[in-house]
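Peer 1: What follows is a predicted structure for the sequence shown.
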Amino acid sequence: MNNSPEQAWLLAKQRFSDVNVDAEAALKFLDTLPISMHCWQGDDVTGFENPEGSLTGGIQATGNYPGKARNAAELRADLEQAFKLIPGPKRLNLHAIYLEAEGKVERNEIEPKHFSGWVEWARRHQLGLDFNPTCFSHPLSADGFTLSHADKGIRQFWIEHCQASRRISAYFGRELGTASVMNIWVPDGMKDLTIDRLAPRQRLLESLDAVIAEKIDVKYHIDAVESKLFGIGAESFTVGSSEFFLGYATSRGTALCLDAGHFHPTEVISDKITSAMLFVPRLLLHVSRPVRWDSDHVVLLDDETQAIANEIVRNKFFDRVHIGLDFFDASINRIAAWVIGTRNMKKALLRALLEPTEQLRQLEQQGDYTARLALLEEQKSLPWQAVWDRYCQWHDTPVGGDWLSAVRRYETSVLPRRGGNNA
Ligand SMILES: C[C@H](O)[C@H](O)[C@@H](O)C(=O)CO
Ligand SMILES: [Mn+2]
C-alpha cells in the first residue's frame with residue numbers, strides 16, 4: 001500500500017507524457033510560484049492594535065469558531081501549523097494592524113521596528129512578506145472616508161499612514177531579499193445616492209499621488225491598488241471603483257489588484273487578466289470566493305480558480321502576476337481555511353501547468369474548435385491528482401485529506417488553551 005502513490009505517480013507521468021506534457025517539469029515549475037497567504041484569515045481581521053475594536057470598512061468575517069489567534073505568538077503558531085500542511089513556496093501578507101508595539105502607536109507613526117518580529121520570523125521560515133496599510137477599523141475612517149475624505153487633516157492622516165506603510169514594505173523587501181507587494185485598499189464610499197462623485201475621486205487621486213511620490217526601488221517594494229464595487233454601508237458609491245483604479249494603475253505604472261469578489265456577480269477576474277496586463281506593469285490577485293456578494297468564502301478548486309491559474313500559466317505571466325489570497329471565514333477552523341484555500345490555489349496552478357497548452361493553441365489557430373473542446377474536456381480527467389500527491393510527498397506534507405487529522409490534533413491540544421470567548 002505504501003508504494004501506491006509512487007506507482008500512481010509513475011503511471012500519471014506516463015499518461016501526461018502521452019499528451020506531450022512533462023509532469024516532472026510541471027512540479028519543478030510549481031515550486032517557483034509562491035502564494036501570498038493573508039495573515040487576516042487567522043483572526044478575522046482583528047489585528048493587535050485594538051483587538052476589542054470592531055471590524056469596519058464594509059467588510060465582515062462571519063462566524064464564531066473557537067480558538068482564534070489573539071496575539072502575534074498565537075498567529076505565528078497557527079501559520080506554522082498551516083505551512084506544514086501546504087506544499088511548496090509561500091509568502092505572508094501582513095496588514096498594518098498586525099504591528100507589535102509596547103504601547104499605542106498612531107497609524108501615521110508606524111515604523112519598521114514595529115514589524116521586526118515578523119521579519120525575523122519570516123527569515124527563519126524563508127518567507128517573503130507583503131504588506132497593506134489598514135485604512136479601516138479606526139475612528140478616522142468611521143464616517144466612511146479615508147484618502148478621499150473632504151477634511152484635509154483626516155486625508156493627511158491617511159496619506160501619512162500609507163507613506164509610513166510603504167517604508168515598512170520597503171524594509172521587508174530589503175531585509176528579506178524579495179520585493180514586498182503593498183496593496184492599498186480604501187473603503188471610501190457612500191450608503192446612499194451621491195450627488196458629487198467627482199470631488200471624492202479627485203481627492204483620492206491627489207492623495208494617492210502624494211502617497212507614492214517618494215520613489216522606491218521595485219527590487220524592494222511594489223505599489224498595488226485595489227478597486228471595489230461596493231461595501232456594507234457603502235452600497236451606492238465606491239470612490240475607488242474599477243475604472244478609477246484601472247486608470248490610476250495604468251497612468252501611474254503601479255500594480256493593479258484584482259479581487260475576485262469586487263465585481264458584478266457575473267464578472268470574473270480571470271477574463272480581466274490579459275486585458276489589464278496590456279496596460280499595467282503588474283497585477284496582484286486577491287483570489288477569493290464571493291457567494292452572492294463579496295463574502296470572502298474560502299477559495300475552492302472551482303472553475304474560476306482554475307481559469308485564473310490557466311490565464312497566468314497560458315500567458316506565462318509568472319513574474320508579473322503576484323498571487324495573493326483574500327478570504328476570512330470565522331465559521332470553520334481558521335487553520336483549515338488557510339490550508340484548503342491555499343492548497344486549492346496550488347492545485348489549480350498545477351493543473352494549469354499540466355495542460356497541453358501548445359496543442360490546444362495549435363488547434364485553435366487551425367480553427368479546429370471541435371478538437372479544442374474535446375481535448376480540453378478529456379484532459380480534465382488525466383491523473384493530475386497523482387502528480388499533486390507526488391508534490392505533497394516531495395515537500396513532506398500530507399497527501400490527500402490526511403492534513404485534516406493534523407489540524408484536529410492542533411485544535412484539541414492548542415486551541416482550547418486560548419481563553420475567554422475563544423475557548
Ligand atoms: C483585509 C483586506 O485588505 C481586504 O479584504 C481588502 O483587500 C478587500 O478585499 C476589501 O473588500
Ligand atoms: Mn481584497
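Peer 2: It's in. Numbers count the residues shown, from 1 in each chain. Ligands and ions are numbered 1, 2, ... in the order given.
Peer 1: For burial, what's the neighbour tally of the closest residue to Glu109 other than its chain neighbours?
Peer 2: Taking CB to CB, 6 or more residues apart in numbering, and ignoring the residues beside it in sequence, Glu109 has Ala164 as its nearest neighbour in space, at 6.9 Å. Quick note: C-beta positions are derived from backbone N, CA and C, even for glycine. The number of residues packed around Ala164, counting by other CB atoms under 10 Å, is 21.
Peer 1: Look at Glu102 and give its secondary structure.
Peer 2: Using DSSP: H, G, I helix; E, B strand; the rest coil, the three-state assignment for Glu102 comes out as coil.
Peer 1: Measure how buried it is and give me the count.
Peer 2: 6.
Peer 1: give me every residue that touches it.
Peer 2: By CB atoms under 8 Å, 6 or more residues apart in numbering, no residues touch Glu102.
Peer 1: Could you measure from it over to Asn310?
Peer 2: From Glu102 over to Asn310 the distance is 48 Å, taken as CB to CB, to the nearest Å.
Peer 1: contacts for the helix or strand containing Trp121?
Peer 2: Taking DSSP states H and E as the criterion, Trp121 maps to helix 116-124. Under the contact criterion CB under 8 Å, 6+ apart, helix 116-124 has outside partners Ala72, Arg76, Leu92, Leu94, Tyr98, Glu100, Gly128, Leu129, Tyr171, Phe172, Glu175, Leu176.
Peer 1: So which of those residues sit within strands?
Peer 2: Leu92, Leu94, Gly128, Leu129 (DSSP state E).
Peer 1: neighbours around Gly324, how many?
Peer 2: The tally of other residues near Gly324 (other CB under 10 Å) stands at 24.
Peer 1: Just to check, it is in contact with Met182?
Peer 2: No - applying CB atoms under 8 Å as the test, Gly324 and Met182 come out as separate, 11.4 Å apart.
Peer 1: still on that earlier bit, isn't the residue nearest to Glu109 right next to Pro112, touching?
Peer 2: No - under the criterion of CB under 8 Å, Ala164 lies out of contact with Pro112, with a separation of 9.4 Å.
Peer 1: top helix in this structure by residue count?
Peer 2: In terms of residue count, the longest helix belonging to the chain (DSSP state H) is helix 152-176.
Peer 1: mind listing what's buried in that helix?
Peer 2: Residues of helix 152-176 classed as buried: 154-155, 157-166, 168-176 (neighbour count, 16 or more other CB atoms under 10 Å).
Peer 1: hey, where'd the helices end up in this structure?
Peer 2: 4-18, 23-30, 72-83, 116-124, 152-176, 198-211, 242-252, 273-277, 303-314, 334-353, 357-365, 369-379, 384-394, 403-413.
Peer 1: on contacts alone, who are the packing partners of the longest one?
Peer 2: So the one you mean is helix 152-176. If contacts are counted by 3 or more CB pairs under 8 Å, 6 or more residues apart in numbering; DSSP states H and E, helix 152-176 sits against helix 116-124, strand 128-132, strand 180-184, helix 198-211, strand 221-226.
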